[in-house]
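Novice: I'd like to go over a predicted model; first the sequence, then the structure.
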Amino acid sequence: MADCRASAHPQDARFSDTFLIVTPGITIRDRLRVLLPSDPNNYYKELDIVPAEYRGDLGTARIVVTNFHTFKPREKGDAGGLTKIHNQAVSGVSCAAVGLELGVPQMLREAEPDRELAIPARVLLGGARALPEVTEALIGACFLTFGFERVAAAVVAAFGAQIEYATEAPVDAKSALQELLARRRARVSYAVIAESGPAHRRTFEVEATVGEERVGTGTGRSKKAAEQVAAEQALKRLGG
């Protein structure tokens, strides 16, 4: 009700339209998503906490459900670690998950134009990379329409769970690639294609191939490290 009153009385300092809920872990955070007005099973509707005539005002609230790891200090200078978190948080898998959570497929079906030359929603959503690409396109369209500041806050909120998961449980690139290819009934193999440097400071170059196609290469101080880099490159190329 506080947010509903804030909407009706925006100058009244007694009522807030912004709420931060901090939880002790990912599991509890995910269970508390029912406190987000955008959740289809939100408690405001399911438990009739907010009268029906005020539920429209809930959309103006800024509600963030996160866990305490978000506030833990990060080590400075870990550019490589930040890059890995970024790549995982905005990967095709993450974009697809956000698209489903936001209801992008349903929105496309509902907004499908009744014209002969229009591309049907089922066609747009038919490919392996369709949902992530449509989600990215919608974010771009929102940016062009509403500007950076408004869209940035919405994007951070939408990808919040993906960012936290990438921070707390980084995905092993080789495992992620293996899972992606398993869904496509394909397999990856790694091979050392070059070595350089003295025995105590050896550098390896590895290539990752799927069938006869080279999908990634990587270098590292060990074969395993080089394979991880090659797997990361392959994930980007294959849309993982």
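Specialist: That came through, no problem.
Novice: going forward, measure contacts between C-alpha atoms and count neighbours the same way
Specialist: Fine.
Novice: centre-most residue in this structure?
Specialist: Centroid check for the chain by Cα atoms, centre = their mean gives Ser94 as the closest residue, at 3.3 Å.
Novice: tell me the contacts of that residue?
Specialist: Contact criterion Cα atoms under 8 Å, 6 or more residues apart in numbering gives 88, 132, 159, 162 as the residues in contact with Ser94.
Novice: and the pLDDT for the residue nearest to the first one when sequence neighbours are not counted?
Specialist: I take that to be Gln88. Take Gln88 and drop its neighbours on the chain: the residue closest to it by Cα to Cα, 6 or more residues apart in numbering is Ala166, 6.0 Å away. According to the model's per-residue confidence, Ala166 sits at a pLDDT of 76.
Novice: and the one helix or strand Ala166 maps to, what does it pack onto?
Specialist: Secondary-structure assignment from DSSP states H and E places Ala166 in helix 160-168. Of the remaining helices and strands, those touching helix 160-168 by 3 or more Cα pairs under 8 Å, 6 or more residues apart in numbering; DSSP states H and E are helix 79-89.
Novice: how many other residues sit next to Ile63?
Specialist: Residues lying near Ile63 (other Cα atoms under 10 Å) number 19.
Novice: ends of stretch 206-225, what's the gap?
Specialist: Across stretch 206-225, the terminal residues are separated by 9 Å (Cα to Cα, to the nearest Å).
Novice: buried residues in that stretch?
Specialist: 206-209, 215-221, 223, 225 (16 or more other Cα atoms under 10 Å).
Novice: same check on stretch 181-192?
Specialist: Burial within stretch 181-192, assessed by neighbour count using 16+ other Cα under 10 Å, is assigned to 181, 188, 190, 192.
Novice: sorry, back to before: relative to the whole chain's centre, how far out is the next helix or strand after the helix holding Ala166?
Specialist: Next along the chain after helix 160-168, taking DSSP H and E as the criterion, comes helix 173-183. Averaging C-alpha positions (Cα atoms, centre = their mean, to the nearest Å) puts helix 173-183 17 Å from its chain's average.
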